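A.B. asks: fold the following.
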Amino acid sequence: MKALYTFVLCSLFLFSCQEKVSPPNIVFIMSDDHAYQAISAYGHGLNNTPNIDRIAKEGALFNKGFVTNSICAPSRAVMLTGKHSFVNGKVDNIQDFNWDQDNFAKQLQKAGYQTAMVGKIHLRGLPQGFDYSAVLPGQGHYYNPDFIIDGVKKQIEGYVTSITTQLSLDWLKNKRNKAQLLTSQCRWRIWRKYRLCAQKYRSVENNSQRRQNRSVKSMSTRSQLPKH
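C.D. replies: Sure thing, here's the model as predicted:
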């Protein structure tokens, strides 16, 4: 009995001497309409994404993923609430979203985190659970977009993806309380075919379109060749 008592005391002493592990800071990055084939870490060779690849290399790379709802706004509602669409009430891009319900950002605030969200959320209403928010109204615009910053609409000159990055970094570097844990959501809107890209990539887009046009013309010419 004495030996057991001594063992328990030693265990408690060792446990109390262990360094407490601090909760992690959290940065959630979401790119809209960015297929996994367009991320070079998956090896499809379509383009190079070195910074995303670094996250994959130093963290984890998911080869299989399953979602409860893949539609634009409902998928965001699912991620925020952890509920199926028929439970959180956002089943399509038309219905309103009830921000009064619980979400993970509110829970993080209760746990001592300061929270921020920047970019496209596609859910009407003022975001709840975030100490700072700078979000696009609806789908947003590519050039000189409006942002709703803590409830106040403001037009910002520039390209939407660059502005989202700048606002995110500004909050991380200058506006947050650095003595407090943080969680930040950066939601980028990616330009797609037939949509507008940043000015600095316009020549790349034009060259790609010309190559595609030449390829289509070549295929059309080959289809008209006489058959032997």
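
A.B. asks: excluding its backbone neighbours, what's nearest residue 98?
C.D. replies: Of all residues not flanking residue 98 in the chain, residue 89 sits nearest, at 5.6 Å (Cβ to Cβ, 6 or more residues apart in numbering). Quick note: C-beta positions are derived from backbone N, CA and C, even for glycine.

A.B. asks: burial count for the closest residue to residue 103 other than its chain neighbours?
C.D. replies: Spatial nearest neighbour of residue 103, chain neighbours left out: residue 80 (4.3 Å); criterion: Cβ to Cβ, 6+ apart. Neighbourhood size, residue 80 [other Cβ atoms under 10 Å]: 25.

A.B. asks: strands of this protein, residue ranges please.
C.D. replies: Listed in chain order, the strands of the chain (DSSP state E) span 26-32, 114-119, 132-135, 146-149, 152-155, 182-189.

A.B. asks: how about those in JSON lines, adding mean pLDDT, mean neighbour count and distance to residue 104?
C.D. replies: Output for these, formatted as JSON lines (pLDDT from 0 to 100; neighbours: other Cβ atoms under 10 Å; distance: least, Cβ to Cβ, whole Å):
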{"stretch": "strand 26-32", "mean pLDDT": "87", "mean neighbour count": "15", "distance to residue 104": "9"}
{"stretch": "strand 114-119", "mean pLDDT": "95", "mean neighbour count": "24", "distance to residue 104": "9"}
{"stretch": "strand 132-135", "mean pLDDT": "96", "mean neighbour count": "22", "distance to residue 104": "15"}
{"stretch": "strand 146-149", "mean pLDDT": "97", "mean neighbour count": "17", "distance to residue 104": "21"}
{"stretch": "strand 152-155", "mean pLDDT": "97", "mean neighbour count": "9", "distance to residue 104": "25"}
{"stretch": "strand 182-189", "mean pLDDT": "70", "mean neighbour count": "21", "distance to residue 104": "9"}
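
A.B. asks: next, format the ones you listed as TSV and append distance to residue 174.
C.D. replies: Listed next are those as TSV, based on distance: least, Cβ to Cβ, whole Å:
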stretch	distance to residue 174
strand 26-32	16
strand 114-119	12
strand 132-135	11
strand 146-149	14
strand 152-155	17
strand 182-189	13
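
A.B. asks: which residues touch the nearest residue to residue 75 once chain neighbours are set aside?
C.D. replies: With Cβ to Cβ, 6+ apart as the criterion, residue 75 has its nearest non-adjacent residue at 5.3 Å, and that residue is residue 69. With contacts defined as Cβ atoms under 8 Å, 6 or more residues apart in numbering, residue 69 is in contact with 75, 77-78, 84-85, 91.

A.B. asks: can you pull up the most central residue in this protein?
C.D. replies: Nearest to the geometric centre of the chain sits residue 30, at 1.5 Å (Cα atoms, centre = their mean).

A.B. asks: before we move on, the earlier item: mark which of the contacts of residue 69 are buried, thanks.
C.D. replies: 75, 77-78, 85, 91 (16 or more other Cβ atoms under 10 Å).

A.B. asks: just curious, which of those residues is nearest to residue 45?
C.D. replies: Set against residue 45, the nearest of the buried ones among the contacts of residue 69 by Cβ to Cβ is residue 75 (27.4 Å).

A.B. asks: wait, the closest one sits on residue 81?
C.D. replies: No: applying Cβ atoms under 8 Å, one finds residue 75 not in contact with residue 81, separated by 11.3 Å.
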